[in-house]
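[1] Sharing a model that was predicted from the sequence below.
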Amino acid sequence: MLFAFVFVSPNVSAQKNNSPEQEHTITPQDGRNKEKENRRKKEEEYQLKKQHHEQIQDKATLKRMKESRKKAEKNASPGRKPWYKKIFRF
């Protein structure tokens, strides 16, 4: 009986002493939150750089950029719009 107690007690005490790293386990939710935060930061940086890029352009360049953007959107649209969408602009 004494042998059984001696062999079991060190294992139980070792399990109770958790290191600080083991107290917080990484869950899938933590990973998703980190990914969302990284994506948000990346998008924010992109928008700031885009705004800066547009601010340093002159008026003629901004106009040319706007026209190019409109042409790109027109060419990217999937075919011709129906007549009622052109008139009523849904």
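    Okay, I see it. Treat the numbers as computed from the prediction; the structure is a model and nothing was measured.
[2] drop to CA atoms for contacts and neighbour counts, all remaining ones
    OK.
[3] Find the centremost residue of the chain, please.
    Closest residue to the average C-alpha location of the chain: R39 at 2.2 Å, with CA atoms, centre = their mean.
[4] Just after the helix or strand where it lies, pick out the following helix or strand.
    Assigned by DSSP states H and E, R39 falls within helix 28-55. Next helix or strand after helix 28-55 toward the C-terminus (DSSP H and E): helix 59-76.
[5] any idea of the mean pLDDT in that next one?
    Averaging pLDDT along helix 59-76 yields 93.
[6] Check the offset of it from the chain's centre.
    28 Å (CA atoms, centre = their mean, to the nearest Å).
[7] The helix or strand just after that helix packs against which elements?
    Counting by DSSP H and E, the next helix or strand C-terminal to helix 59-76 is helix 83-88. For helix 83-88, not one helix or strand is in contact under the criterion 3 or more CA pairs under 8 Å, 6 or more residues apart in numbering; DSSP states H and E.
[8] if we can go back for a sec, tell me the gap between the helix holding R39 and the middle of its chain.
    The mean C-alpha position of helix 28-55 is separated from the chain mean by 6 Å, CA atoms, centre = their mean.
[9] Need the residues that contact stretch 57-66.
    E54 (CA atoms under 8 Å, 6 or more residues apart in numbering).
[10] in the chain, what secondary structure element scores lowest on mean pLDDT?
    Every helix and strand of the chain was ranked by mean pLDDT, DSSP states H and E. The lowest is helix 2-16, at a mean of 55.
[11] Much appreciated, bye for now.
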